[in-house]
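> Okay, predicted coordinates and the sequence, questions at the end:
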2 protein chains.
Amino acid sequence: MSAVPPGGTIGILGGGQLGRMLAHAAGRLGFDVHIFTDETDSPASRAAAKTIVADYHNHAALAGFAADVAVVTTEFENVPADTAKALVGAGAIVRPNPSALAVAQDRLEEKQYFIANGLRTAPFARVDTFEELRAALKEIGFPAILKTRRLGYDGRGQARLENDLGLQLAFDAFAGAPLILEGYCAFEREVSIIAARGEDGAFAAYDLCENEHRGGVLARTRVPAQADAAVAAEAQSEARRVMDALDYVGVLTIEFFLMADGALIANEMAPRVHNSGHWTIEAALTSQFEQHIRAVAGWPLGPTARICDAEMENLIGEDAADWRALAADPTARLHLYGKREARAGRKMGHVTRLKRSEAS
Amino acid sequence: MSAVPPGGTIGILGGGQLGRMLAHAAGRLGFDVHIFTDETDSPASRAAAKTIVADYHNHAALAGFAADVAVVTTEFENVPADTAKALVGAGAIVRPNPSALAVAQDRLEEKQYFIANGLRTAPFARVDTFEELRAALKEIGFPAILKTRRLGYDGRGQARLENDLGLQLAFDAFAGAPLILEGYCAFEREVSIIAARGEDGAFAAYDLCENEHRGGVLARTRVPAQADAAVAAEAQSEARRVMDALDYVGVLTIEFFLMADGALIANEMAPRVHNSGHWTIEAALTSQFEQHIRAVAGWPLGPTARICDAEMENLIGEDAADWRALAADPTARLHLYGKREARAGRKMGHVTRLKRSEAS
C-alpha cells in the first residue's frame, strides 16, 4: 500500500487510553481518526473525528468502519479472529496483520513462536485437563503459574501454584478454559522492549525499559533499565527477529524476565503500543504513539533516541484523586485519560518525571 | 471559580489549528473539549468530543454551547464583543475575560493600553479620514504603515506608505474602515514573549522567541532569541504588567521590535497561544497549549523551562506538499493541521527542530 497522506483517516479498534493517545499522535500528523469500540463514551472517542459504537462481531458495522478508513489498527491485543477476518473481507488493510494478532493473543502459541524464533521462555505446558496439570507440574515443578491461554491481562486470569494443596480447586476456578502452566522465573528484574517495524521492513527500538508491577499491574517504568548494553542489544535483536518473522507493521512490545546471569526470558508480547512506553511522549524524539501511526500509515519510522532518563508512574484507581497535587508538582508531567469512573485497579492516568541522565 | 476537575469540559471558540492543538493538550489532562466555530469540518472539530457549527452571533447556539462547558476560551483574537457578551449572559466563565479580548482586537486601543502600562510603541495616530492621514504623516513621516484597527492578521489589512505617490489610492483601498497609522521601526530583530497568568495571579513566561516574517506571515521562530538577558527580562516584566492590569487568565503573546540599542517596541499582542510558541510542544517542560488549558481551568501553571534550543518553521501553502521528505527527516518534528486545502499563504503545519543548547 502507498503511504496514507496527511488528511487520510486511520481507523482504530478499541476506545481506551491507548486509542486516545494514538488519536492525539495521529492528529498531530494531520490524520483523522475513526474509533470502533463496543463501549459508549470511551476515552478515545472523545479525541476522534468519528466513533462507531458496535459489537466487535457486527460485520455490517465493521464494513462501514472499514469503508471510511485508509488503514485499521488496534489498541488492544485480543481482537477476535472473526473481527479481523470481517475487516479484511471488507477490504481493509489491517496492521499489524491478523496472524500477528492471533499469535499474540494465545499464550501457548506465543511461547511456541518465541521458541521457534530463538527466544528463551520459562518452561511451559499446555493444560486442558486436571490430569495434564498434574503431569505438567511433575515436569515443571512448584512454584508455577497457571494461566488462561487467552484474554488475560494485568494479572487477570492467572493463579500461582505453590504446592499440591487446593490444586483441584485452583484448576476448577478456570471453569474449563484452555490453560497453560508456566514455571516460575526467579527474575532479578522485569524489562520490556518497545520496537517498531515499518512497511519497508525498517526497524527501530526504544531503550530497554525496567518495569515494576504491583498486584499484577504495571506500577512504574524506569528508563534506561539497569542492564548491560549487551542485554539491551539482545532484547532489540530478539524483537527484530520476532517482528521480521511475523512481517509485522507497527509497534510491538515484548516483556522479559531478566535473570541474575543476564539471560532474557521472554514472558509475553503485546502487538501494540504499551504502558511501559508512555515515557516516550516526553523523553524520546518520537513517541511510541506517533511511531505506531507512522508505521501503520506506511510512513518512515521516526528517530527513537532518548532525550533524558525518565520514570513513569501509573495512576491506578484512586491514585488519580491526587490530581491537584500532581498538577502542582513541577516535576510531574501529568496525563489523565478522561475515564468517567475511578474503579479499583483501573488505569486512570500516568505521570512521567524527566531525570537528568546519569551518563552525561 | 474552583478548578475544573479532570473529566470537565473546556469550550473553545474557533476551529483552527490552535484549537486543535489546545484540544490535544486538554485531552492529555483528562478534559473533554467542545468547539464552537462557524466553519464546517474544521481542524479542531476533528479532535474534539463535540462541535457546534453556527454563526458567532447566534445567541441560542452560544447559550447551548455555554451550558455544556465549565469555561470558555478562544483560539482567535477577534471574538466579536457581541459573542463574548452573549456567552457571559448565558452564565459562561470566559477566559481571558471579554475586556482583555476587546483591548487586543483594536490596534489603537492596544497601543494606548501599552503606553498606559509603561511599554514603548512606535509613534501612531488614529486615521478615519484622508485629512487625518495627511496630518498623521506630517507628524510620523515616511515610511509608515497604514493598518485597519480591527481584524488584521498575518500581514492582512495593512499597507506600507513610502511617499505621497498614490496616497489617496492606498487610503481608498481600505474602503472607510477605521485605521491607524504607525511609524516604521527600523528594528534589528522581531521577538515575542509568550506568558501565562493563572487565576491566582501566578505568572510564568517562556524564553524570548526570535521571529522571522515573510510576506507578513511568520516564517520561522528561534529560541532563545539573540538578545541580552536584561532585554529578555524586560519583555517578561512588560508582559506581566499588561496581564496584571487586564486581570488576564490564560496565555498571552506580545510581539516586539528589538532595536539596535536594546529598546523593546511593543508592536501587538495576541490574547491566546501563538504561532511563535509552537516550539514549546517539544522543547519546553509544559507546552503553551497545556499552559493555556491549565490557566483557564484554574489549575496551577506548569514549569516553562526550556529543554533545549529550538527552531520552528511554518509550512505555508504548498510547503506542506513536502510532507514525505519532512516525515523522513530525523531532525524534523512534524506537525500537520488536517486542513483540507493548501491555499497560498495558509498555515498548513510546522516543523520543530531541536538544537543542542550552545550555552551548555
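Done, it's in.
> For the closest residue to A:Thr74 other than its chain neighbours, name its beta-bridge partners.
Leaving aside its chain neighbours, A:Thr74 sits nearest to A:Leu13 (4.2 Å; criterion: CB to CB, 6 or more residues apart in numbering or on different chains). C-beta coordinates here come from the backbone N, C-alpha and C atoms, glycine included. Per DSSP bridges, the residues bridged to A:Leu13 are A:Phe36, A:Thr74.
> is it true that A:Leu13 touches A:Thr73?
Yes. With contact defined as CB atoms under 8 Å, A:Leu13 reaches A:Thr73; the gap is 7.2 Å.
> more crowded one of the two?
The neighbour count for A:Leu13 versus A:Thr73, taken as other CB atoms under 10 Å in any protein chain shown, is higher for A:Thr73 (29 against 24).
> residues touching that one, list them.
A:10-13, A:22, A:94-96, A:250, A:292, A:296 (CB atoms under 8 Å, 6 or more residues apart in numbering or on different chains).
> give me that answer again for 10 Å
For A:Thr73, the contacting residues are A:10-14, A:19, A:22, A:26, A:79, A:93-96, A:249-251, A:271-273, A:292-293, A:295-297, by CB atoms under 10 Å, 6 or more residues apart in numbering or on different chains.
> Please identify every residue contacting each of A:Leu13 and A:Thr73.
A:19, A:79, A:94.
> Any of the residues you listed buried? List them.
A:19, A:79, A:94 (16 or more other CB atoms under 10 Å in any protein chain shown).
> what about A:Glu341, how many residues close to it?
8.
> Check it and give its pLDDT.
According to the prediction, A:Glu341 has pLDDT 91.
> just the one 10 residues further on next, same as before
What the model reports for A:Val351 is a pLDDT of 98.
> so who does it touch?
A:220, A:278, A:311-315, A:319, A:322-323, A:326, A:329, A:331-336.
> hang on, the earlier thing: so which of the contacts of A:Thr73 belong to strands?
Among the contacts of A:Thr73, the members falling in strands (DSSP state E) are A:10-13, A:250-251.
> Looking at those, which is nearest chain B?
A:Ile10 (11.7 Å; CB to the nearest CB).
> related to what we said a few turns ago, report the buried members of the contacts of A:Val351.
By 16+ other CB under 10 Å, those give A:220, A:278, A:311-315, A:319, A:323, A:326, A:329, A:332-336 as buried.
> and of the residues you listed, the nearest to A:Thr51?
A:Leu336 (19.6 Å; CB to CB).
> ok, the closest one - contacts?
A:17, A:43, A:315, A:320, A:323, A:326-327, A:348-351, B:5-7, B:27-31.
> Could you rerun that using 7 Å?
Counting by CB atoms under 7 Å, 6 or more residues apart in numbering or on different chains, A:Leu336 touches A:320, A:323, A:348-349, B:6, B:29-30.
> Could you check the pLDDT of the residue of the stretch 1-150 of chain A at minimum distance from chain B?
The stretch 1-150 of chain A approaches chain B most closely through A:Gly30 (2.8 Å), counting by CB to the nearest CB. We have a pLDDT of 98 for A:Gly30.
> Does it touch B:Arg340 like I think?
No. Between A:Gly30 and B:Arg340 there is no contact under CB atoms under 7 Å: 10.4 Å.
> Pick out whichever of these two has more residues nearby.
For A:Gly30 versus B:Arg340, neighbours defined as other CB under 10 Å are more numerous around A:Gly30 (23 against 9).
> Tell me how far that one lies from A:Gly338.
According to CB to CB, to the nearest Å, A:Gly30 stands 23 Å off from A:Gly338.
> which residues are in contact with the longest helix anywhere in chain A?
The longest helix of chain A (DSSP state H) is helix A:229-246. Applying CB under 7 Å, 6+ apart, the contact partners of helix A:229-246 are A:100, A:103, A:117-119, A:191, A:193, A:195, A:197, A:203, A:205, A:207-208, A:252, A:254, A:256, A:258, A:262, A:264, A:266, A:269.
> now, which of those residues lie within strands?
A:191, A:193, A:195, A:197, A:203, A:205, A:252, A:254, A:256, A:258, A:264, A:266, A:269.
> I'd like to know which of the contacts of A:Thr73 are buried.
By 16+ other CB under 10 Å, those give A:10-14, A:19, A:22, A:26, A:79, A:93-96, A:249-251, A:271-273, A:292-293, A:295-297 as buried.
> dump the residue contacts of A:Met259.
A:187-188, A:265.
> Dump those into JSON lines; add neighbour count, distance to chain B and pLDDT as well.
Compiled in JSON lines, the contacts of A:Met259 are given as follows (neighbours: other CB atoms under 10 Å in any protein chain shown; distance: CB to the nearest CB, whole Å; pLDDT from 0 to 100):
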{"residue": "A:Phe187", "neighbour count": "17", "distance to chain B": "33", "pLDDT": "96"}
{"residue": "A:Glu188", "neighbour count": "15", "distance to chain B": "33", "pLDDT": "97"}
{"residue": "A:Ile265", "neighbour count": "17", "distance to chain B": "33", "pLDDT": "98"}
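> Skipping adjacent residues, who's closest to A:Pro300 in space?
B:Ala328 (4.4 Å).
> do A:Ala44 as well
A:Ala44 sits nearest to A:Gly19 (CB to CB, 6+ apart), 3.1 Å away.
> And the one you found, how close does it get to B:Arg20?
18 Å.
> Three-state assignment for A:Glu318, please.
Classification of A:Glu318 using DSSP: H, G, I helix; E, B strand; the rest coil returns helix.
> Would you mind listing what in the stretch 1-150 of chain A touches chain B?
A:6-7, A:20, A:24, A:27-30, A:32, A:46-47, A:49 (CB under 7 Å from any CB of the partner chain).
> Just the buried ones from these?
Judged by 16+ other CB under 10 Å, buried ones among the residues of the stretch 1-150 of chain A next to chain B: A:6-7, A:20, A:24, A:27-30, A:32, A:46-47, A:49.
> Most proximal residue of the stretch 251-360 of chain A with respect to chain B?
A:Leu336 (2.8 Å).
> Look up which residues are beta-bridged to that residue.
A:Gly349, B:Leu29.
> Can I get stretch A:69-79 in PDB? Just the C-alpha atoms.
This file holds the C-alpha atoms of stretch A:69-79, laid out as PDB (Å, rounded to 0.1, in the frame of the first residue of the first chain):
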ATOM      1  CA  VAL A  69     -10.500   4.500   6.700                       C
ATOM      2  CA  ALA A  70      -7.200   4.000   4.900                       C
ATOM      3  CA  VAL A  71      -5.900   1.500   7.400                       C
ATOM      4  CA  VAL A  72      -7.100  -0.200  10.500                       C
ATOM      5  CA  THR A  73      -5.000  -0.700  13.600                       C
ATOM      6  CA  THR A  74      -5.800  -1.800  17.200                       C
ATOM      7  CA  GLU A  75      -5.100  -0.600  20.700                       C
ATOM      8  CA  PHE A  76      -5.800  -4.000  22.300                       C
ATOM      9  CA  GLU A  77      -4.300  -7.400  21.800                       C
ATOM     10  CA  ASN A  78      -7.500  -9.500  22.000                       C
ATOM     11  CA  VAL A  79      -9.000  -8.600  18.600                       C
END
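> Skip the chain neighbours and tell me the closest residue to the residue of the stretch 1-150 of chain A closest to chain B.
Nearest non-adjacent residue to A:Gly30 (CB to CB, 6+ apart): B:Leu336, at 2.8 Å.
> close enough to count as contact, A:Glu75 and A:Gly15?
No. Shown here, A:Glu75 and A:Gly15 do not form a contact pair, counting by CB under 7 Å, at 8.0 Å.
> which of these two has more neighbours?
For A:Glu75 versus A:Gly15, the count of surrounding residues by other CB under 10 Å is larger for A:Gly15: 27 against 24.
> Let me see the confidence value for that one.
At A:Gly15, pLDDT is 98.
> same check, this time on A:Gly215
86.
> Count the neighbours of it for me.
Neighbour tally, A:Gly215, other CB under 10 Å: 10.
> Where does the prediction get shaky in chain A?
By pLDDT under 70, the weakly predicted segments of chain A are A:152-155, A:357-360.
> which residues in it form helices?
Under DSSP H, chain A gives helices at A:17-28, A:59-67, A:81-89, A:98-104, A:107-116, A:130-140, A:167-173, A:229-246, A:280-283, A:288-296, A:323-328.
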